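> When you get a sec, could you give me coordinates for this:
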Amino acid sequence: MNRSRPLGVGLIGSFYIFGSVVLLLSLFVYELPFEKYGIAARFALPEVPEHLARFLVGASSLVMAYGYLKLKRWGYWFMVVYSIYFLSVSGYLFVLYKDQPFLGNIIWSLIVIVYSYSKRSHFYMKPQQIRAGG
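Sure, this is the predicted structure:
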C-alpha cells in the first residue's frame, strides 16, 4: 500500500484551503452584496454573528484541510464529520427553501464523504509503513 496522497484528497484539501482563505479574507468586507445566505445561516447557526461564524468556519476548515492533506487520521475524521454535518444542515435547508446553494452543498458533501471513505486506508497507515514505503 502506497502512502502517496491520492489526487482527489489533494483536490478536496486544496478546495477547502482556497475556500478558507477566501472566507477569512471576506472578514474585511462589511457586507457581500451577492450573498443571499450568510455562512451562519448555511451552518444552521443564525444566532451567531456573521463575522464570528466566518472566522470559526474559515479557521476550522484550514485546520481540517491541513490534517486531511497530511493524511492524518484526525483529518479524515474531521472531514467526514464536517461533511456529514454540512450535508444534514444543507438537506434540511434545501427542503425548507428549495434554493441552489443548499443543493450544491448537498452534492459536494456527498462527493467528499464517498471519496474519503473510498480512500480511508491512506489515513490508517502506521508510521513504520510510511517509512518502509508501504
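> only C-alpha atoms for contact and neighbour calcs from this point on.
Fine.
> which residues in this protein form helices?
7-25, 39-42, 50-69, 73-97, 100-118, 127-132 (DSSP state H).
> looking at the ones you listed, which has the lowest confidence?
Mean pLDDT is lowest for helix 127-132 among the helices of the chain, at a mean of 55.
> Please tabulate the helices of the chain in JSON lines, including the columns mean neighbour count.
Formatted as JSON lines, these follow (neighbours: other Cα atoms under 10 Å):
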{"stretch": "helix 7-25", "mean neighbour count": "17"}
{"stretch": "helix 39-42", "mean neighbour count": "19"}
{"stretch": "helix 50-69", "mean neighbour count": "20"}
{"stretch": "helix 73-97", "mean neighbour count": "18"}
{"stretch": "helix 100-118", "mean neighbour count": "16"}
{"stretch": "helix 127-132", "mean neighbour count": "11"}
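> contacting residues for Q100?
Contacts for Q100 were tallied using Cα atoms under 8 Å, 6 or more residues apart in numbering; they are F94.
> Equivalent analysis for the one 10 residues further on, please.
If a contact means Cα under 8 Å, 6+ apart, then L110 has 83, 87 as its contacts.
> That one and F78: what is the separation?
Per Cα to Cα, to the nearest Å, L110 is found 15 Å from F78.
> next one: S26
Counting by Cα to Cα, the gap from S26 to F78 is 24 Å.
> list the contacts for the nearest residue to G10 once chain neighbours are set aside?
Leaving out its chain neighbours, the residue that sits closest to G10 by Cα to Cα, 6 or more residues apart in numbering is L69, at 6.1 Å. L69 sits next to 5, 9-10, 13, 75 when contact means Cα under 8 Å, 6+ apart.
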